[in-house]
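Visitor: I would like to see how this sequence folds:
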Amino acid sequence: MAKQLKLVLPTIKGLQASGVSTLTGLAQALNERGIQTPQGRRWHPMTVKRIIEPRA
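Guide: Modelled structure (predicted):
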């Protein structure tokens, strides 16, 4: 799972750099690109949040 997260994080960072700034927008963009979560599901805003704001 950690490997999959490392692969999707650059995509998320790229989306943010292109102006996608909300969690909802990021989730929609990932889903539109056909990128699944590590569990093989669709992205939701909270799923994106857990990726970009990991717990301490």
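Visitor: Let me see the ranges of the helices in the protein.
Guide: Assigned by DSSP state H, the chain shows helices spanning 2-17, 23-32, 45-52.
Visitor: out of these, deepest packed?
Guide: Each of these was scored by mean neighbour count; the highest is helix 23-32, a mean of 17, by mean count of other C-beta atoms under 10 Å. Backbone N, C-alpha and C define where each C-beta goes, glycine included.
Visitor: That one packs against which elements?
Guide: For helix 23-32, the helices and strands in contact under the criterion 3 or more C-beta pairs under 8 Å, 6 or more residues apart in numbering; DSSP states H and E are helix 2-17, helix 45-52.
Visitor: just to revisit the earlier point, the helices of the chain into TSV, with extra columns for distance to Gln39?
Guide: Shown next, in TSV, are those (distance: least, C-beta to C-beta, whole Å):
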stretch	distance to Gln39
helix 2-17	9
helix 23-32	13
helix 45-52	9
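Visitor: Please identify which of the ones you listed is closest to Pro38.
Guide: With C-beta to C-beta, the closest approach to Pro38 among the helices of the chain belongs to helix 2-17: 4.3 Å.
Visitor: what residues are up against the most centrally placed residue in the chain?
Guide: Here the mean C-alpha position of the chain is nearest to the C-alpha of Val48 (C-alpha atoms, centre = their mean), at a distance of 4.4 Å. By C-beta atoms under 8 Å, 6 or more residues apart in numbering, the contact set of Val48 is Ile12, Leu23, Leu26, Ala27, Leu30.
Visitor: Mind putting those residues into JSON lines with pLDDT?
Guide: Shown next, in JSON lines, are the contacts of Val48 (pLDDT from 0 to 100):
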{"residue": "Ile12", "pLDDT": "95"}
{"residue": "Leu23", "pLDDT": "97"}
{"residue": "Leu26", "pLDDT": "98"}
{"residue": "Ala27", "pLDDT": "98"}
{"residue": "Leu30", "pLDDT": "97"}
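Visitor: before we move on, back to that, among the helices of the chain, show the one with the smallest mean pLDDT.
Guide: Among the helices of the chain, helix 2-17 has the lowest mean pLDDT, at a mean of 88.
Visitor: list the contacts for the closest residue to Ala27 other than its chain neighbours?
Guide: Excluding the flanking residues, the one nearest Ala27 by C-beta to C-beta, 6 or more residues apart in numbering is Trp43, at 4.1 Å. For Trp43, the contacting residues are Leu26, Ala27, Gln28, Leu30, Asn31, Ile35, Gln36, Thr37, by C-beta under 8 Å, 6+ apart.
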